[in-house]
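A.B. asks: fold the following, please.
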Amino acid sequence: MPGSADGSTKAMGALTVGGLVMVTAYTVALGSNGWLWFGWVVLGLITLAMVVSRST
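C.D. replies: Sure thing, here's the model as predicted:
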């Protein structure tokens, strides 16, 4: 990530990483849920789009 990322981009990155941890913990404890993983992928793509748009 570029060092010039603003607060909202950093917050989205933290939310994405936190979401991955939570979805992984849910999968380990209760089994896989496709909708959770789908939601995390969408969140990750939004975060990635924000990072790319900031760096241009």
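A.B. asks: what average pLDDT does the helix or strand encompassing W40 get?
C.D. replies: Assigned by DSSP states H and E, W40 falls within helix 34-55. Helix 34-55 shows a mean pLDDT of 90.
A.B. asks: and that helix, how far from the chain's centre?
C.D. replies: Distance, stretch centre to chain centre, for helix 34-55: 5 Å (C-alpha atoms, centre = their mean, to the nearest Å).
A.B. asks: that one packs against which elements?
C.D. replies: Helix 34-55 sits against helix 7-30, with contacts defined as 3 or more C-beta pairs under 8 Å, 6 or more residues apart in numbering; DSSP states H and E. All C-beta spots, glycine's among them, are computed from the backbone N, C-alpha and C.
A.B. asks: which residues in the helix it packs on does the neighbour count mark as buried?
C.D. replies: Neighbour counts using 16 or more other C-beta atoms under 10 Å place 9, 12-13, 16, 19, 23 of helix 7-30 among the buried residues.
A.B. asks: center of this structure, which residue is that?
C.D. replies: With distances taken as C-alpha atoms, centre = their mean, the residue of the chain nearest its centroid is T16 (2.1 Å).
A.B. asks: reformat the buried residues of helix 7-30 as TSV; add pLDDT and distance to G31.
C.D. replies: TSV is the format used below for the buried residues of helix 7-30 (pLDDT from 0 to 100; distance: C-beta to C-beta, whole Å):
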residue	pLDDT	distance to G31
T9	83	33
M12	88	28
G13	88	28
T16	91	22
G19	91	18
V23	92	12
